[in-house]
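In: Predicted model, plus sequence, below.
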Amino acid sequence: ETALGLRPLYVEALEACAAAKEAKQDFTGAVVHLDRLLSEFPKEKKYYEMRGNLKFSSKEYDAAIADFSEWITLEKSAKAYYQRGRAKRMKLDPDGAIADHTLALGIDKKYDWSYYDRAQAWVDKGDPAAAIADLDRVLEIDPKWAWACSYRGTQKRTLKDVEGALADYTKAIELVPSQPVHYFNRGELLREKRDLEKAIADYTKAIELKPDYLWAWNARGIARNWKDDLEGSLADYDRAIELNKDIVVLYTNRALTRLKQKDYDGAVADYDRALELKKDDPVLYVDRGKARRRKGDRAGAIADYTKAIELKPDYMPAWNWRGLLHEDMGDPDAALADHERALALKETDPVLHVNRARMRLEKKDVDGALADYDRAIELAPDRPENYVLRAKARGRKGDLDGVIADYTKAIELNPQDADLLFERA
């Protein structure tokens, strides 16, 4: 800067000063020097590249695209198209990104960064298979690119190719064993497989490598919950919350562990905190309502379900849970009304038909209940419990042939259930 004070158009000093400010993340200050250079040298492609990268870093994607377009006008290079494609993707234009990366690859078929970024754009468009094809090409060009292995594993996981995903995550770990994200990704897959011991081991390794890895603490808390290590689960959530006290899901996850411990007060307190952070979320009101119901606070639970309905009148679970609570409270009319509303929102849910059937029987509407059981069975023909329920309703009408037919079907679906055989006999 002192040199520029003595010689304002000192090109090397302008370039060096821009680079130094970029390193300090003073992107605005760096752009000032590039503006000066481009005012003097409007055909110098490297200055458009440099300024475009600065604009990209400061998330001014339209300005970055404009600079990269000027660069392309001066030089149609693979790198220029790659950079513009990258900016278009960040501007939520995956089609434009794919087009630019395709142009880059038309110039240089081994430009691996364009394959990698085009894969990301395919993912943005919801096409993991196309992404995998591009990542295959990346790994042909550079077999040691660990992030490409890991990213391909994630796309295979999306397509339910569990073994393929596991192989890719493991390869990424072999390539860069010091990267905690690779262990985390493999842990997530193993947890989905219910291989909890190995999942916990991977999360633990990720935490060893990065002790402030909040999401690894959270994920290990989930795995420990599933494994019924509830104290370990709570300790992990506590640590995650120490790292960031303002993330809703950490409190709702800890609440689930507390519910398993029958610590209903603790669970309600966690939902209280979640609602402080996200005041108008109907899901949180329903979840707190369920915790209050288990605690025996029926009035509080009704209030929470009702608040959820006020916030989102078409939120079916709120109507359903309130209906179930009205059943507990011995109010079949209110329960039936809520179950009617839940069904109006999701007629294809067999459980909702069973719920309404139960209330119709309570009100001695056997034909209505049978119609609901018929529909529940139509929607879920492989659930033996629905045939049992219909059998009992048919019994109330004296339809013993129908009762026997339903028990017979239930026995076909669950031949080891002695109670079904006894009831049919």
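Out: That came in fine, so what should we check first?
In: from here on, contacts and neighbour counts on C-alpha atoms
Out: OK.
In: The closest residue to K46 other than its chain neighbours sits in which helix or strand?
Out: Distances taken as Cα to Cα, 6 or more residues apart in numbering place W71 nearest to K46, at 7.6 Å, with adjacent residues excluded. Assessed by DSSP states H and E, W71 sits inside helix 61-74.
In: ok, now N355?
Out: In this structure, N355 sits in helix 350-362 according to DSSP H and E.
In: which residues touch the helix or strand immediately after the helix holding W71 in the chain?
Out: Remark: after helix 61-74, the chain's next helix or strand is helix 78-90, criterion DSSP H and E. If you take Cα atoms under 8 Å, 6 or more residues apart in numbering as the criterion, helix 78-90 is touched by 49, 56, 61-62, 64-65, 68-69, 71-72, 94, 96-101, 103-108, 111, 113-114, 117, 121.
In: For the next helix or strand after helix 78-90, report the contacting residues that lie outside it.
Out: As assigned by DSSP H and E, the chain's next helix or strand after helix 78-90 is helix 94-107. Helix 94-107 has contacts (Cα under 8 Å, 6+ apart) with 77-82, 84-89, 111, 114-115, 117-118, 121-122, 124-125.
In: Return the helix or strand bottoming out on mean pLDDT in the chain as PDB; C-alpha atoms alone will do.
Out: One helix or strand of the chain scores below all others by mean pLDDT, DSSP states H and E: helix 2-6, with a mean of 86. Taking Å, rounded to 0.1, in the frame of the first residue of the first chain, the C-alpha atoms of helix 2-6 are listed here in PDB:
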ATOM      1  CA  THR A   2       2.900   2.300   0.700                       C
ATOM      2  CA  ALA A   3       4.300   1.500  -2.700                       C
ATOM      3  CA  LEU A   4       0.900   2.200  -4.300                       C
ATOM      4  CA  GLY A   5       1.000   5.600  -2.600                       C
ATOM      5  CA  LEU A   6       4.200   6.400  -4.400                       C
END
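In: If you count neighbours, what's buried in the helix or strand just after it?
Out: Toward the C-terminus, helix 2-6 is succeeded by helix 11-23 as the next helix or strand (DSSP H and E). The neighbour-count check on helix 11-23 (16 or more other Cα atoms under 10 Å) flags 13-15, 17-19, 21-22 as buried.
In: What of stretch 354-372?
Out: Buried-residue list, stretch 354-372, by 16+ other Cα under 10 Å: 354-361, 366, 368-370, 372.
In: Output that stretch as CSV - backbone C-alpha positions only.
Out: The C-alpha coordinates for stretch 354-372 follow below in CSV (Å, rounded to 0.1, in the frame of the first residue of the first chain):
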residue,chain,number,x,y,z
VAL,A,354,-59.0,-48.1,13.1
ASN,A,355,-59.1,-45.1,15.5
ARG,A,356,-62.4,-44.0,14.1
ALA,A,357,-63.8,-47.5,14.1
ARG,A,358,-63.0,-47.7,17.8
MET,A,359,-65.1,-44.6,18.6
ARG,A,360,-67.9,-45.7,16.3
LEU,A,361,-68.1,-48.9,18.3
GLU,A,362,-68.1,-46.9,21.5
LYS,A,363,-71.2,-45.1,20.1
LYS,A,364,-72.7,-48.4,19.0
ASP,A,365,-72.3,-47.7,15.3
VAL,A,366,-71.2,-51.2,14.4
ASP,A,367,-71.8,-50.8,10.6
GLY,A,368,-69.7,-47.7,10.6
ALA,A,369,-66.9,-49.4,12.5
LEU,A,370,-67.0,-52.4,10.0
ALA,A,371,-66.7,-50.0,7.1
ASP,A,372,-63.6,-48.5,8.7
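In: when you give positions from now on, start the count at 25
Out: From this message on, residue numbering opens at 25, which makes the last subject stretch 378-396.
In: residue ranges for the strands of the stretch 125-274 of the chain, please.
Out: Ranges of strands in the stretch 125-274 of the chain, per DSSP state E, counting those that start in this stretch: none exist.
In: Burial check on I271, number of neighbours?
Out: 15 (other Cα atoms under 10 Å).
In: quick one: the closest residue to F51 other than its chain neighbours and P118, what's the gap?
Out: Excluding the flanking residues, the one nearest F51 by Cα to Cα, 6+ apart is L78, at 5.7 Å. Relative to P118, L78 is positioned 21 Å away (Cα to Cα, to the nearest Å).
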